[in-house]
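In: Need the 3D shape of this:
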Amino acid sequence: MTLCYTLFQLAEKTGAELVGDPHLQIFDVADLESATFRDISFYANSRYVSFLQSSQAGAICVAKGVPCQEGRSYLVAADPSKAFQQLIELFHPPLPWSGFEGIHPSAIVHPTAQIGKKVVIGPHAVVEAGSVIGEETCVGAGVFVGIECRIGKECKIHPHVVLRERSVIGDRVIIQPGAVIGGCGFGYLTDTAGQHMKLNQTGNVVIEDDVEIGANTTIDRARFKSTRIGKGSKIDNLVQIAHGVEIGPHNLLVAQSGVSGSSSTGPYVVLAGQSGVVGHVHLEAGVVVAAKAGVTKNLTKGHYGGFPAVPLDEHHRFQAVLRQLVKASQRAKKR
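Out: Numbers count the residues shown, from 1 in each chain. As a prediction, this is how the structure comes out:
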């Protein structure tokens, strides 16, 4: 079914100020470059100013203070990205979780497992003994829920996720396909002959409320206590969290970053793509680690980059000096 709203209706739904034709009909959302006269787009980054000027979009969602061209239509919002997200959800409402209701006949649920009201368990999922699944949680096809796991309410566990034994998942948690929660930590003792003896990891993983975990991310269980992911934190795809790590609330961990065993972070820490943190260090609240940086010691609030990670402005100065040294060396060779 094709949806259609007037610009006036969209302004009412987003709380934005309307500039232009209130009767303009909008049929979809699109980016500035590909939008047509039937679409609404948005502008929230000055890098795309050329697209703003040339876009064929019927209307554009912009921030207050952005100049509006005469003869064009706009929605002016305090936060155009947030307003545009409302429009996306309006034109593209989420699909239902599954065509199945309740527990699929091919799923295997142990008799001692406790399943809450309105839970959906997809084809070929396995729920082991003593596990508890809260009401309105959806468990996708091929998911494995190990012995004595606890999953809160309104969670979305996507296909082929593995929850190892005694994992604890809070409310409204989203786990994307292929993630492994509670695998054995990487711990060995090496004897005098150079042989490696595996250390038992007897702890678990605790994921607090409103966390999202990306596809194929791995979070290892602790050796003794709990590996913990704090409330509201968002973890991208292909992230590795080692045993005994404690991630604080509302952290952002971007793709291919990794945190080694027994390290911890405070609230609102950001690890950019491919950054790494060694074991047994602490990152205080508000630390931001740049892409590909390597953290080797405790860090206080601030921005850091490079290896070993140093304050970002210091890293930039070092890179500038290094480039000058390379140029000087090249000039000297030509003499």
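
In: any idea whether the closest residue to residue 280 other than its chain neighbours is helix, strand or coil?
Out: Closest residue to residue 280 apart from its sequence neighbours, by C-beta to C-beta, 6 or more residues apart in numbering: residue 262 at 4.9 Å. Glycine gets a C-beta too; all of them are placed from N, C-alpha and C. On the three-state scheme (DSSP: H, G, I helix; E, B strand; the rest coil), residue 262 is labelled coil.

In: Can you give me the neighbour number for residue 262?
Out: Residue 262 has 18 neighbours, counted by other C-beta atoms under 10 Å.

In: Tell me where the model's unsure across the stretch 1-150 of the chain.
Out: Residue ranges of the stretch 1-150 of the chain with pLDDT under 70: 1.

In: and with 90 instead?
Out: The stretch 1-150 of the chain contains residues with pLDDT under 90 at 1-2, 94-100.

In: ok, and what's touching stretch 68-82?
Out: The contact list for stretch 68-82 (C-beta atoms under 8 Å, 6 or more residues apart in numbering) reads 7, 10-11, 14-21, 24, 40, 42-44, 53, 58-64, 66, 83.

In: Isn't residue 269 up against residue 285?
Out: Yes - using C-beta atoms under 8 Å, residue 269 makes contact with residue 285 at a distance of 7.1 Å.

In: Pick out whichever of the two has more residues nearby.
Out: residue 269 (26 against 15).

In: Identify the residues contacting the more buried one.
Out: Applying C-beta under 8 Å, 6+ apart, the residues near residue 269 are 247, 248, 251, 252, 283, 285, 286, 287, 288, 289.

In: so what's the residue nearest to residue 280 up against?
Out: Residue 262 makes contact with 242, 243, 244, 245, 279, 280, according to C-beta under 8 Å, 6+ apart.

In: so can I have CSV of the residues you listed showing distance to residue 106, secondary structure and neighbour count?
Out: Converted to CSV, the contacts of residue 262 look like this (distance: C-beta to C-beta, whole Å; DSSP: H, G, I helix; E, B strand; the rest coil; neighbours: other C-beta atoms under 10 Å):
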residue, distance to residue 106, secondary structure, neighbour count
242, 35, coil, 21
243, 34, coil, 26
244, 37, coil, 25
245, 36, coil, 26
279, 42, coil, 13
280, 45, coil, 12
